[in-house]
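Trainee: Below is the sequence, then the predicted model.
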Amino acid sequence: MITIYHNPRCRKSREGLALLEDSGQPFEVIKYLDQPLSKDDLKEIIAKLDIQPIDLIRKNEAIWKSDYKGKVLSDEDIIEAMVKHHKLIERPIVVNNDKAVIGRPKETILDII
């Protein structure tokens with residue numbers, strides 16, 4: 001089953017959702033700001049993305065700049081920051097079984113559906 005971690009306020013996330021709708025494939029939408037991801041959820045997604053935790057951070061968010069930027073942070077610290085401040089998570093994230101992509105640009109979603 002395909003899952004999209006979605007923020008309806010984000011244009012890129014809406015574009016990714018529209019691409020999935022147009023694909024005709026079944027998928028689940030998780031509005032991760034309303035249904036927060038746990039530390040384990042994030043670790044699993046990061047592993048499927050095959051990236052470092054820092055690569056899932058939205059570094060232009062005010063909370064990142066004020067509380068985290070320039071500090072020496074472990075991977076655990078970064079994951080904890082995303083658990084505490086969900087808006088730090090890049091979006092949309094699309095997962096299909098054991099593969100995942102960040103849907104920026106939206107066409108990357110086509111690689112896993």
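Mentor: Everything's here; your move. The structure displayed is predicted, hence computed values, not measured ones. Numbering: from 1, shown residues only.
Trainee: Which positions in the lengthiest helix in the chain come out as buried?
Mentor: Longest helix in the chain, counting residues (DSSP state H): helix 11-23. Neighbour-count burial for helix 11-23, counted by 16 or more other C-beta atoms under 10 Å, picks out 12-17, 19-20. (Each C-beta comes from the backbone N, C-alpha and C, glycine too.)
Trainee: Give me the average confidence score over that helix.
Mentor: The pLDDT scores in helix 11-23 average 96.
Trainee: what helices or strands is it leaning on?
Mentor: Packing contacts for helix 11-23, counted by 3 or more C-beta pairs under 8 Å, 6 or more residues apart in numbering; DSSP states H and E, involve strand 2-6.
Trainee: Neighbouring strands - and their directions - for the strand it packs on?
Mentor: Using DSSP bridges, strand 2-6 pairs in its sheet with strand 27-31 (parallel), strand 93-96 (antiparallel).
Trainee: how much does it deviate in direction from helix 11-23?
Mentor: Interaxial angle, strand 2-6 versus helix 11-23 (axes from the mean of the first three to the mean of the last three C-alpha atoms, to 10 degrees): 150 degrees.
Trainee: got the contact list for strand 2-6?
Mentor: 13, 16-17, 20, 25-32, 37, 45, 89, 91-96, 103, 112-113 (C-beta atoms under 8 Å, 6 or more residues apart in numbering).
Trainee: What residues of it count as buried?
Mentor: Here strand 2-6 shows 2-6 as buried, counting by 16+ other C-beta under 10 Å.
Trainee: Over to stretch 72-89?
Mentor: 73, 78-79, 81-83, 85-89.
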